[in-house]
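# I'll drop the sequence and a predicted model, then ask my questions.
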Amino acid sequence: MEYGSGKNILITGCSTGIGHCVAQGLKARGWRVFATARKMADVDKLKKEGFESCQIDLDNSYSIHSGVQWVLEQSDGRLDALFNNGAYGQPGAMEDITRQAIREQFETNVFGTHELTSLILPVMRAQGYGRIIQNSSILGFVAMPFRGAYVASKFAINGLTEAMRVEMQGSGIDFILIEPGPIRTEFRKNAREAFLKFIKIDKSPYQEKYQGWIKIATQEEAKKMPFSLPPEAVLEKVIKALESKTPKTRYGVTTPTHVFWILRCILPRRWLDKILLKAS
Ligand SMILES: NC(=O)c1ccc[n+]([C@@H]2O[C@H](COP(=O)([O-])OP(=O)(O)OC[C@H]3O[C@@H](n4cnc5c(N)ncnc54)[C@H](OP(=O)(O)O)[C@@H]3O)[C@@H](O)[C@H]2O)c1
């Protein structure tokens, strides 16, 4: 019998990257995977790949509610795990980030994710067990420049997760952070689109830096990023978070995550700032 047999999980953002890879990997291990996506075209694609799938757009409360309702109808009201994965990065110096840009960043990465989690918690509470796995980031505990909106959203996810883990002690529901460093996915391509949507390059004091960044913000270039890993590296940690009897509270992925976790604890803040600026 495969490990995950009989267990089920809802995953957000399965169109590409980590979500798609984790959905495939868990399905192969015997998990019943509800692989959701923001766009209907991706839901159709996932169904063709053999997944049970529905639309969940984290920016839309109605979509979150109807997606959860559909999943619970399929699963007889039971859900063993939720992988909060869907998110995007809004690059740009904070000086150039408008209220609308940061609002949209939080709508997806924080508010939508929290709304979905809140709908699942009563189900898990009634069962007396459940695991919520949060796909955070190295940028959930160190702040790299020119990614402030995204950094703030991932710090927020880390804060919510830590608080909920303490609140839910004794409920049987566990909260686990996954903190990847650079992973080779569509993330940079999508971030580039968010950047071009909101940042007025010509008006920015950072225009020279931006021109350089735009050139490397493609998946091909991301492959050359030092220390980057394929999404399977995240899958490995998600499996540990889901299947270990006593999972850790956080799993780092990639060398930069492990290194910066230690540097953040031991270095004076201004030294760390210098390293982060160089690393970015
Ligand atoms: N790649 C990295 O280096 C890296 C590092 C640390 C953490 N992460 C985290 O890993 C997670 C997955 O990212 P990825 O690297 O796999 O990038 P990706 O290939 O761009 O995948 C992101 C997924 O999130 C979905 N998404 C975006 N907005 C959404 C919304 N409003 N509602 C529902 N889903 C939405 C995307 O859907 P569409 O295709 O429809 O846009 C896509 O399926 C994210 O939480 C990201 O912050 C990534």
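Arrived safely, thanks for sending. As the structure is a prediction and not an experimental result, all values here were calculated from the model.
# if you skip the residues just before and after it, what's nearest to the closest residue to the ligand within the chain?
Ranking the residues of the chain by distance to the ligand (Cβ to the nearest ligand atom) places Gly17 first, at 2.3 Å. (Glycine included, C-beta is placed from N, CA and C.) The shortest distance from Gly17 to any residue other than its chain neighbours is 3.0 Å, reached at Thr185 (Cβ to Cβ, 6 or more residues apart in numbering).
# which SS state does that neighbour fall under?
Judged by DSSP: H, G, I helix; E, B strand; the rest coil, the three-state class of Thr185 is coil.
# adjust the sequence numbering to begin at 3 for everything that follows.
Yep, numbering from 3; the last one is Thr187 now.
# how far away is the residue nearest to Phe200 when sequence neighbours are not counted from Leu141?
Ranked by Cβ to Cβ, 6+ apart and with sequence neighbours excluded, the top spatial neighbour of Phe200 is Ala103, at 4.0 Å. According to Cβ to Cβ, to the nearest Å, Ala103 and Leu141 sit 16 Å apart.
# please identify which of those two sits among more neighbours.
In this comparison of Ala103 against Leu141, neighbours counted by other Cβ atoms under 10 Å, the higher total goes to Leu141 at 23 against 19.
# so what's that one up against?
Counting by Cβ atoms under 8 Å, 6 or more residues apart in numbering, Leu141 makes contact with 149, 152-153, 156-157.
# the longest strand along the chain close to the ligand?
Of all the segments assigned as strand in the chain under DSSP state E, the longest by residue count is strand 175-182. Yes - contact of strand 175-182 with the ligand (Cβ under 6 Å from any ligand atom) involves Pro182.
# buried ones in the very next helix or strand once past that strand?
Following strand 175-182 in sequence order, the next helix or strand is helix 189-200 (DSSP states H and E). Of the residues in helix 189-200, 189-194, 196-197, 200 count as buried by neighbour count, 16 or more other Cβ atoms under 10 Å.
# ok, back up a step: list the buried residues for the longest strand of the chain?
Quick answer for strand 175-182 (16+ other Cβ under 10 Å): 175-182.
# could you do stretch 41-49 as well?
44-45, 47-48.
# so, low pLDDT: which residues of the chain?
Applying pLDDT under 70 to the chain picks out residues 3-7, 218-226.
# which stretches of it form strands?
10-13, 34-37, 83-86, 132-137, 175-182, 252-255.
# can you put these in a markdown table and add distance to Ser206?
Output for these, formatted as a markdown table (distance: least, Cβ to Cβ, whole Å):
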| stretch | distance to Ser206 |
| --- | --- |
| strand 10-13 | 36 |
| strand 34-37 | 38 |
| strand 83-86 | 32 |
| strand 132-137 | 30 |
| strand 175-182 | 28 |
| strand 252-255 | 32 |
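# quick one: closest of the ones you listed to Gln26.
With Cβ to Cβ as the measure, strand 34-37 is the member of these nearest Gln26 (8.3 Å).
# Ala37 bridge partners, please.
With DSSP bridges as the criterion, the beta-bridge partners of Ala37 are Ile13.
# count of neighbours near it?
Counted by other Cβ under 10 Å, the residues lying close to Ala37 total 30.
# and it, what is it in contact with?
When contacts are counted by Cβ under 8 Å, 6+ apart, Ala37 touches 13, 16, 21-22, 25, 48, 53-55.
# with Ile277 instead?
With Cβ under 8 Å, 6+ apart as the criterion, the residues that contact Ile277 are 265, 269.
# what about the helices in the stretch 3-152 of the chain?
Applying DSSP state H, counting those that start in this stretch to the stretch 3-152 of the chain gives helices spanning 19-30, 42-50, 63-76, 101-108, 115-129, 150-169.
# out of these, which gets nearest to Leu244?
The stretch from these with the least distance to Leu244 (Cβ to Cβ) is helix 19-30; that distance is 7.6 Å.
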